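*Asks:* sequence unavailable; structure follows:
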Ligand SMILES: [Zn+2]
């Protein structure tokens, strides 16, 4: 196993993958084999039903924005399935406990079970789904203890990210972070809660990219996905996962080079997100067929 670090990606590339492609109404019909094959291209979005789950915010993940999910390069349809499920979780379209049947994905994407299982295994590796013997895959349901552990880990990782970001940030990167906050506000103003949540998560991953530590970025990427799921489970669709004004104040502190203040603000920001969550899980659970049946 190689010990050399993976080549560093440009933040732009990562963010492009993290965000879903622009919505195209014209693609709402069920995908054909040709369309399914075309999903490998960056410019094509997932089948309409899953795309809807991923892109239509119920009124926005955390899928706080999920992860932002553009954390890995798109390499094939399995990656598309991975992103679609993650985005759907972040936008509360696939609540914890939702069954994910292999056959549904095979029909939607016109791919083999082998491809679907590959995507589900990756989702399970990132703790987004649970694979249960004889029950198949279901969206994971993190316990209250997992919730506390994940937020604790985020505070540790992001407290380490902030000083590095202050040391390494260029003026152009600061300007880009400010633009991201403006984009967050714009999404909220036009009622696009799903995009707003995704942009919120992207902001944290972009800050980690600025810090320049690939290991911390990797840790945060996984934590961000798990946080998205936790917020979906412990939050209401109308509450605020990531307040963009808190992001703005954080950039101000980073831009002035005040390590102590910026680190304290980051910790406070993450504690605020956690404090807005309910102590217990919601019991909501739906079947995947219900979502797919709407289209
Ligand atoms: Zn935030």
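*Replies:* Nice, I can see it. Small disclaimer: the values here were computed from a predicted structure and weren't measured.
*Asks:* C-alpha only now, for contacts and for neighbours.
*Replies:* Will do.
*Asks:* isn't residue 99 up against residue 139?
*Replies:* Yes - the pair residue 99 / residue 139 is scored as a contact, 6.6 Å apart, by CA atoms under 8 Å.
*Asks:* count of neighbours near residue 279?
*Replies:* 13 (other CA atoms under 10 Å).
*Asks:* backbone phi and psi for it, please?
*Replies:* phi -70, psi -30 (degrees, to the nearest 10).
*Asks:* what of residue 140?
*Replies:* phi -60, psi 150.
*Asks:* in the stretch 101-250 of the chain, which spans are helices?
*Replies:* Ranges of helices within the stretch 101-250 of the chain are 102-109, 113-125, 144-168, 171-189, 193-211, 214-234, 244-255, based on DSSP state H, counting those that start in this stretch.
*Asks:* coming back round to it: more neighbours: residue 99 and residue 139, which one.
*Replies:* Comparing residue 99 with residue 139 by neighbour count (other CA under 10 Å), the higher total belongs to residue 139, at 24 against 21.
*Asks:* show me the contacts for the more buried one.
*Replies:* 94, 95, 96, 97, 98, 99, 100, 128, 129, 130 (CA atoms under 8 Å, 6 or more residues apart in numbering).
*Asks:* one more time with 7 Å
*Replies:* 95, 96, 97, 98, 99, 128, 129, 130 (CA atoms under 7 Å, 6 or more residues apart in numbering).
*Asks:* which one of those is nearest residue 153?
*Replies:* residue 128 (16.8 Å; CA to CA).
*Asks:* and this structure, what are its domains?
*Replies:* Following automatic domain parsing, one gets these domains for the chain: 11-141+281-292, 144-275.
*Asks:* mean pLDDT lowest where, among these?
*Replies:* Across those, the stretch with the lowest average pLDDT is domain 11-141+281-292; it has a mean of 60.
*Asks:* re earlier: distance to residue 225 for the contacts of residue 139 - can I get that in a markdown table?
*Replies:* Converted to a markdown table, the contacts of residue 139 look like this (distance: CA to CA, whole Å):
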| residue | distance to residue 225 |
| --- | --- |
| 95 | 14 |
| 96 | 13 |
| 97 | 16 |
| 98 | 17 |
| 99 | 18 |
| 128 | 7 |
| 129 | 11 |
| 130 | 14 |
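*Asks:* which one of the residues you listed sits closest to residue 218?
*Replies:* residue 128 (15.6 Å).
*Asks:* mind checking how far the spatially closest residue to the closest one that is not a sequence neighbour is from residue 130?
*Replies:* Spatially, and ignoring its direct neighbours in sequence, residue 128 is nearest to residue 140 (5.5 Å; CA to CA, 6 or more residues apart in numbering). Separation of residue 140 from residue 130 (CA to CA, to the nearest Å): 5 Å.
*Asks:* tally of neighbours for residue 114?
*Replies:* If you count neighbours by other CA under 10 Å, residue 114 ends up with 12.
*Asks:* tell me how far it lies from residue 87.
*Replies:* 22 Å.
*Asks:* likewise residue 162?
*Replies:* Relative to residue 87, and taking CA to CA, residue 162 is found at 26 Å.
*Asks:* next: residue 249.
*Replies:* Taking CA to CA, one finds residue 249 at 27 Å from residue 87.
*Asks:* who has more neighbours out of those two?
*Replies:* Between residue 249 and residue 87, residue 87 has the larger neighbour count (other CA under 10 Å), namely 39 against 14.
*Asks:* what helix or strand does the more buried one sit in?
*Replies:* Here residue 87, judged by DSSP states H and E, is contained in helix 77-90.
*Asks:* packing partners of that helix?
*Replies:* helix 48-55, helix 113-125, helix 214-234 (3 or more CA pairs under 7 Å, 6 or more residues apart in numbering; DSSP states H and E).
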